[in-house]
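Engineer: Provide a 3D model corresponding to the input given below.
(one chain, ligands or ions: 1)
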Amino acid sequence: MKNANKTCAPAQAGAPGRQVDLSGTRSLPAQGLTRVRTDWTREEIAALFELPFTELVFRAAEVHRALHRAGEVQLCTLLSIKTGGCPEDCGYCAQSVSADSGVEATKLMDVREVLQSAARAKDAGSQRFCMGAAWRNPKDRDMPAIVEIVRGVREMGLETCMTLGMLTPEQAGQLAEAGLDYYNHNIDSSPEYYERVITTRSFQDRLDTLENVREAGIAVCSGGIVGMGETRADRVGFIHTLATLPRHPESVPVNALVPVKGTVLGDMLEGTPLGPNGEKRIDDIEFVRTVAAARIAMPLSMVRLSAGRESMSEATQALCFLAGANSIFTGDKLLTAPNAGDGADGALFAKLGLVPLAGEEPMRGCARTEAAE
Ligand code: SF4
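Structural biologist: Numbering: from 1, shown residues only. Next up, the predicted model:
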């Protein structure tokens, strides 16, 4: 596996020759070249979280503006192609058989129906079509349909992403051969807190799947959820784990827990005190800190504002974009959870002067450069 602790010329370098302070500890001022580190210590990540808020956001914005087009935000659409009935016991998930959430289990969607949804997403401006199946892992009998879906969506000119649970090296190879661009598999939290949220598969299982995906040559999408009752030290451990993978994930989704009644975490948070605005969710400033730390620690990755955005104020979302978030899910639904909706996003983009990402992601540009070397 290639080590990403190296320099890489980003495809969209914004300010050639500008000093980019990535950590407060090391920087490489050079013609748009920036050192991408995979040797972060937990202490360094913790020190980022401890910075005065405006200083942290400023540093994250500097990194973001140097390596990405700060006025562009990637639009992705997420479709549940197989809902509910999942044998895993993820404490936040309404699709687990352990949850009493009322989510009905369905079979894998018909290939044609999936392709029709993808066509609608493309018409609505999405660059990437993400598809999720509530499985522990895909069965070999499911793979032909999955492969057909990947091929069909790619033929439409959309990028493809799948999240199907754990993958064997063989299954990852099949998906790579079909042309899958991204595979999503979240680590969810710190290694320590993970065990309190999920018992049916280990943190190491997750890392093994990420490795299988990487080895197959598929780009990695991996992030997690904040607001599950974890401490800041867990949020540090979460970012640290991703930022010290042999190669950073190309996409890092940062979710704010959407507490669902009937799930372990939804019910647990039901009894907790309300926040200042009556919400039972992560403090907005702490959420933005998490986004900013992710941006600084993984400067070339796309940082995606994912679940929980529908209950965030426009001001909080704007702060997240300033702190380096540059990808969102569009549409009214995220698998089974509510999402902001295209109308609200259109209005927010107009207000903030943001436009959908049109070009290539920096890490993919890097991969092309590396392949050519
Ligand atoms: S998060 Fe995924 S693996 Fe976990 S219970 Fe839900 S659908 Fe299953």
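Engineer: please count neighbours and contacts with C-alpha atoms only from this point.
Structural biologist: Will do.
Engineer: check contacts around residue 169.
Structural biologist: With contact taken as CA atoms under 8 Å, 6 or more residues apart in numbering, residue 169 is in contact with 212-213, 215-216.
Engineer: right, and residue 222 touches residue 189 too?
Structural biologist: No - Residue 222 lies out of contact with residue 189 (CA atoms under 8 Å); the separation is 10.8 Å.
Engineer: got the contacts of residue 169 as CSV, with distance to the ligand and neighbour count columns?
Structural biologist: Shown next, in CSV, are the contacts of residue 169 (distance: CA to the nearest ligand atom, whole Å; neighbours: other CA atoms under 10 Å):
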residue, distance to the ligand, neighbour count
212, 17, 20
213, 17, 28
215, 22, 16
216, 21, 18
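Engineer: can you redo the residues you listed as JSON lines with pLDDT and secondary structure?
Structural biologist: Converted to JSON lines, the contacts of residue 169 look like this (pLDDT from 0 to 100; DSSP: H, G, I helix; E, B strand; the rest coil):
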{"residue": "212", "pLDDT": "96", "secondary structure": "helix"}
{"residue": "213", "pLDDT": "96", "secondary structure": "helix"}
{"residue": "215", "pLDDT": "95", "secondary structure": "helix"}
{"residue": "216", "pLDDT": "95", "secondary structure": "coil"}
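Engineer: now render the residues you listed as TSV, adding distance to residue 89.
Structural biologist: Output for the contacts of residue 169, formatted as TSV (distance: CA to CA, whole Å):
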residue	distance to residue 89
212	23
213	23
215	27
216	28
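Engineer: point me to the residue of the stretch 101-250 of the chain nearest the ligand.
Structural biologist: residue 134 (3.7 Å; CA to the nearest ligand atom).
Engineer: for the spatially most central residue of the chain, helix, strand, or coil?
Structural biologist: Using CA atoms, centre = their mean, the residue of the chain that lies closest to the mean C-alpha position is residue 253, 1.7 Å off. For residue 253, the assignment made with DSSP: H, G, I helix; E, B strand; the rest coil gives strand.
Engineer: my guess is it contacts residue 224. True?
Structural biologist: Yes - when contacts are counted by CA under 8 Å, residue 253 is listed as touching residue 224 (6.4 Å).
Engineer: check contacts around the residue of the stretch 101-250 of the chain closest to the ligand.
Structural biologist: By CA under 8 Å, 6+ apart, the contact set of residue 134 is 82-86, 95-96, 164-165.
Engineer: next, it: phi, psi?
Structural biologist: Note on residue 134: backbone dihedrals following degrees, to the nearest 10 are phi -80, psi 80.
Engineer: now residue 129
Structural biologist: Main-chain torsions, residue 129, degrees, to the nearest 10: phi -110, psi 110.
Engineer: what's the per-residue pLDDT of it here?
Structural biologist: For residue 129, the pLDDT comes out at 92.
Engineer: tell me, how many residues neighbour it?
Structural biologist: Number of residues near residue 129 (other CA atoms under 10 Å) recorded here: 25.
Engineer: contacts only, for it.
Structural biologist: By CA under 8 Å, 6+ apart, the residues touching residue 129 are 76-79, 118, 121, 153, 158-161.
Engineer: mind running it again at 7 Å?
Structural biologist: Listed by CA atoms under 7 Å, 6 or more residues apart in numbering, the contact set of residue 129 reads 76-78, 118, 158-161.
Engineer: the nearest residue to residue 41 once chain neighbours are set aside and residue 56, how far apart?
Structural biologist: Leaving aside its chain neighbours, residue 41 sits nearest to residue 240 (7.1 Å; criterion: CA to CA, 6 or more residues apart in numbering). Residue 240 sits at a distance of 16 Å from residue 56 (criterion: CA to CA, to the nearest Å).
Engineer: with residue 146 instead?
Structural biologist: 42 Å.
Engineer: ok, the longest strand along the chain near the ligand or not?
Structural biologist: The longest strand of the chain (DSSP state E) is strand 72-82. No - judged by CA under 6 Å from any ligand atom, strand 72-82 and the ligand are separated, with a smallest distance of 9.1 Å.
Engineer: what packs against that strand?
Structural biologist: Applying 3 or more CA pairs under 7 Å, 6 or more residues apart in numbering; DSSP states H and E, one finds that strand 72-82 contacts strand 128-133, strand 327-330, strand 355-356.
Engineer: just give me how far the last one sits from the chain centre.
Structural biologist: Averaging C-alpha positions (CA atoms, centre = their mean, to the nearest Å) puts strand 355-356 18 Å from its chain's average.
Engineer: same thing with the first one?
Structural biologist: For strand 128-133, the separation from the chain centroid amounts to 12 Å (computed by CA atoms, centre = their mean).
Engineer: partners of it, with directions?
Structural biologist: Strand 128-133 has the following strand partners under DSSP bridges: strand 72-82 (parallel), strand 159-163 (parallel).
Engineer: can you tell me what sits against the last one?
Structural biologist: Yep, that's strand 159-163 we're talking about. Contact with strand 159-163 is made by 127-133, 150, 153-154, 180-185, as judged by CA under 7 Å, 6+ apart.
Engineer: next one: it to chain centre, how far?
Structural biologist: Relative to its parent chain, strand 159-163 has a centroid offset of 12 Å by CA atoms, centre = their mean.
Engineer: let me know the average pLDDT across it.
Structural biologist: Strand 159-163 shows a mean pLDDT of 95.
Engineer: that one: what's the following helix or strand?
Structural biologist: Moving toward the C-terminus from strand 159-163, the next helix or strand (DSSP states H and E) is helix 169-178.
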